[in-house]
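**Q** what follows is a predicted structure for the sequence shown.
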Amino acid sequence: MSVISRIIGTGSFVPKKFVTNHDLELMVETSEEWITTRTGIRERRICVNESTSEIASKAGRAALEAAGVSPQEIDLVIVATVTPDMSFPSTACFVQSELGIKAGAAAFDVSAACSGFLFALDCADRYVKSGGFSKALVIGVDVFSRLIDWTDRATCVLFGDGAGAVVLSAETGARGILSSHVHSDGSHWNMLYARGHVETNPFEKEEPKEAHLVMQGNDTFKFAVRTMGAAITETLEASGLKTEDIALLIPHQANIRIINAMRERLKLEDDRVFTNIEKYGNTSAGSIPLAFDEAVREGRLKENDIVLFVAFGGGLTWASSAIRW
Ligand code: COA
């Protein structure tokens, strides 16, 4: 029988500090009303003296506990992030060390911005299905609060920090990842980017460049609606499913208007689309696994339900996957 990657546990973590729209009114020229109606976001969590690997590890530990799997059983750790603690080692190596995952397990990071978790899940699925790896920990995490310009009202209201994780197990039943698709178009890299650290060496004479996140909001909005719609169709077709089969759609939480546009296009009822953007904003790679963990813990899923994940992000990147829970 062929191997399927089943998600056997989920976990998530968000920092304690929350920042409301009213808090932001004191920092930039904005209003609670503008942010809520244009984005659906009411508050976001922000890391205070907490690193990316720390919050990733907490989400990972929760997923291991939910799965009833010990760190010694994990042979693959993939962390999706564009806000790693360091250039190297990878955040996955820090998580491996923090959680006591066995030495010799493979641990590495994946960079695909807000689509990162689905790229990491796709990667782990292929490792598991090709043999040699029986239990994988996949984490999506970002700390965008260190990447955004807190004086730029067009971007600082949109993002928050958070992490989510799943444990995959190599199994032979019908439940698990049914199909998974990842795409990129680097020609539009400048629609959404962040240089992060800007370093030069003594042989270069470069003007300092913008280190913070830069975004063309309107273009990104249109790109998101177009690609996520296409990605859902692709996944449904590849899995032999119809829109009616979707028990829960878990989209990347970037803007409630993007999610609503997609929902209307698919003619999905409200209760078949999971959203928690009002509480966390856009947590980039953390967004989908954080929403998924909440959905699982709220009892929104029953055995054999079809769940669809769909995301888009900087790169540009977009991705989708369908699972039988
Ligand atoms: N508070 C108040 N006004 C704001 C504001 C804020 N936080 N941010 C922007 N504005 C202003 C603009 O300056 C503009 O003013 P102007 O008309 O005087 O020039 C006005 O609001 C409308 O701006 P616009 O960019 O057209 O708004 P919008 O309805 O497109 O919403 C976004 C802006 C960013 C919310 C929306 O484009 C979006 O969500 N895009 C996708 C972003 C995204 O998902 N990024 C992450 C990808 S993973």
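**A** Looks like it came in fine. Residues are numbered from 1 along each chain as shown.
**Q** can you give me the strands in this structure?
**A** Under the criterion DSSP state E, the chain contains strands at 4-13, 18-20, 43-45, 76-80, 106-110, 135-143, 161-171, 176-184, 192-194, 213-215, 246-251, 306-313, 317-324.
**Q** okay, these, which one's buried deepest?
**A** Among those, strand 135-143 has the highest mean neighbour count (mean count of other CB atoms under 10 Å), at a mean of 31. Quick note: C-beta positions are derived from backbone N, CA and C, even for glycine.
**Q** about what we covered before: what's the closest of the strands of the chain to the ligand?
**A** strand 306-313 (4.2 Å; CB to the nearest ligand atom).
**Q** what are the pairing partners of the closest one, and which direction each?
**A** strand 246-251 (parallel), strand 317-324 (antiparallel) (DSSP bridges).
**Q** dump those strands to TSV, plus mean pLDDT.
**A** What follows is those, written out as TSV (pLDDT from 0 to 100):
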stretch	mean pLDDT
strand 246-251	97
strand 317-324	97
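**Q** so which of the strands of the chain gets nearest M228?
**A** Evaluated over the strands of the chain, closeness to M228 peaks at strand 306-313, with 4.8 Å, by CB to CB.
**Q** is the ligand contacted by the closest one?
**A** Yes. In terms of CB under 6 Å from any ligand atom, part of strand 306-313 sits within range of the ligand, namely G313.
**Q** now that strand against strand 176-184, angle please.
**A** With axes from the mean of the first three to the mean of the last three CA atoms, to 10 degrees defining the directions, strand 306-313 sits at 20 degrees from strand 176-184.
**Q** what about strand 306-313, average pLDDT?
**A** Average pLDDT, strand 306-313: 97.
**Q** just want the angle from it to strand 135-143.
**A** Using the same axes, to 10 degrees: strand 306-313 against strand 135-143 is 40 degrees.
**Q** how about the strands of the chain in CSV, adding distance to A67?
**A** Below are the strands of the chain laid out as CSV (distance: least, CB to CB, whole Å):
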stretch, distance to A67
strand 4-13, 3
strand 18-20, 28
strand 43-45, 24
strand 76-80, 14
strand 106-110, 18
strand 135-143, 8
strand 161-171, 4
strand 176-184, 13
strand 192-194, 33
strand 213-215, 34
strand 246-251, 19
strand 306-313, 17
strand 317-324, 15
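**Q** re earlier: export the strands paired with strand 306-313 to a markdown table and tack on distance to the ligand?
**A** Compiled in a markdown table, the strands paired with strand 306-313 are given as follows (distance: least, CB to the nearest ligand atom, whole Å):
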| stretch | distance to the ligand |
| --- | --- |
| strand 246-251 | 11 |
| strand 317-324 | 9 |
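**Q** save those as CSV, and put in distance to F203 too.
**A** Below are the strands paired with strand 306-313 laid out as CSV (distance: least, CB to CB, whole Å):
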stretch, distance to F203
strand 246-251, 46
strand 317-324, 33
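**Q** burial measure for N260, as a count.
**A** 15 (other CB atoms under 10 Å).
**Q** and it, how far from K222?
**A** The gap separating N260 from K222 is 15 Å, by CB to CB, to the nearest Å.
**Q** equivalent analysis for F13, please.
**A** Using CB to CB, we find F13 at a distance of 33 Å from K222.
**Q** can you give me the helices for the stretch 51-200 of the chain?
**A** Applying DSSP state H, counting those that start in this stretch to the stretch 51-200 of the chain gives helices spanning 52-67, 91-99, 116-129, 153-156.
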